[in-house]
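Q: Okay, predicted coordinates and the sequence, questions at the end:
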Amino acid sequence: MEMSDLTSRLMLFMASDLGVEQETLVGTFQGKKQSVAFHYYPPCRHPEKVIGITPHHDGLALTLLLHVDDTPSLQVRKNGTWYPVKPLPGALVINVGDILQILTNGTYKSVEHRVLPDVEKGRATVVMFQHACVAGMVKPLPELGEAAYRAIEKVEYIKGNFRALAEGTWFVDSLKINHGT
Ligand SMILES: O=C(O)CCC(=O)C(=O)O
Ligand SMILES: [Fe+2]
C-alpha cells in the first residue's frame with residue numbers, strides 16, 4: 001500500500017514533467033500487480049569467477065529497491081560506463097523499467113544495471129517491481145506524439161521479455177518503430 005502511494009506520487013511528478021494529464025500516467029499503474037524479490041549475495045573471495053546479476057534492464061515499469069545493509073554492489077551503466085550506486089540508510093533506489101520507457105515514448109530511459117559480488121561482505125536487497133499497462137496494452141501514451149514503439153498486449157509483452165532475457169537481447173529494441181529518420 002505504501003509502495004503504491006509512493007509510485008503514484010512519483011508518477012504525478014513525471015506526468016507534470018511530461019506535460020500529460022496526471023490521471024493518465026497514474027492510471028497506468030493503479031490497481032496493477034506488484035511483485036517482490038528478496039536477494040542475498042554471499043561474500044565472494046573470487047569475484048572475477050562469478051557473475052552476480054548480469055547486466056539487464058528491468059522489464060516492468062518501475063523498480064523500488066531497498067538496501068538492507070551498506071554493501072555496495074549495484075552498478076548502473078550510463079554512456080558505456082558503469083557507476084556504483086551507493087546504499088544510503090533508509091533510502092530507496094528507484095529504477096525506471098522498460099514499460100515506463102515505452103509509456104513515456106522514450107523520454108524516461110530504462111536503466112541498465114548489474115550486481116557484482118563483494119569480496120568481504122554479504123549483501124541483501126528487497127526489490128519491488130511495479131507493473132503498468134494501458135487497457136491491457138504496453139504502448140506509448142497517445143498524448144506524447146508519434147509513437148516510437150509498437151503497441152503489444154501485456155501478456156505477449158511479458159512472454160517476449162522473458163524470451164529476450166534468456167537470449168541475451170533487449171526486448172524493447174524489437175518494439176522500436178523505425179520512422180525512416
Ligand atoms: O539486488 C540488486 O541490487 C539488484 C537486483 C536486480 O537488479 C533485480 O532484481 O532485477
Ligand atoms: Fe534489475
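A: Yep, it's here. Ligands and ions are numbered 1, 2, ... in the order given.
Q: OK, contacts around the residue lying closest to residue 161 once chain neighbours are set aside?
A: Spatial nearest neighbour of residue 161, chain neighbours left out: residue 59 (4.1 Å); criterion: C-beta to C-beta, 6 or more residues apart in numbering. (C-beta placed from N, C-alpha, C; glycine too.) Residue 59 sits next to 97, 98, 99, 158, 161, 162, 165, 171 when contact means C-beta atoms under 8 Å, 6 or more residues apart in numbering.
Q: Just the residues you listed: which are in helices?
A: Mapping the contacts of residue 59 onto helices (DSSP state H) picks out 98, 99, 158, 161, 162, 165, 171.
Q: Scan the residues you listed and report the most crowded one.
A: Neighbour tally across the ones in helices among the contacts of residue 59 (other C-beta atoms under 10 Å): the maximum, 30 neighbours, falls on residue 99.
Q: now the ones in helices among the contacts of residue 59 in TSV, with distance to ligand 1?
A: Formatted as TSV, the ones in helices among the contacts of residue 59 follow (distance: C-beta to the nearest ligand atom, whole Å):
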residue	distance to ligand 1
98	12
99	14
158	15
161	12
162	13
165	10
171	15
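Q: wait, which of those residues is closest to residue 117?
A: residue 165 (20.4 Å; C-beta to C-beta).
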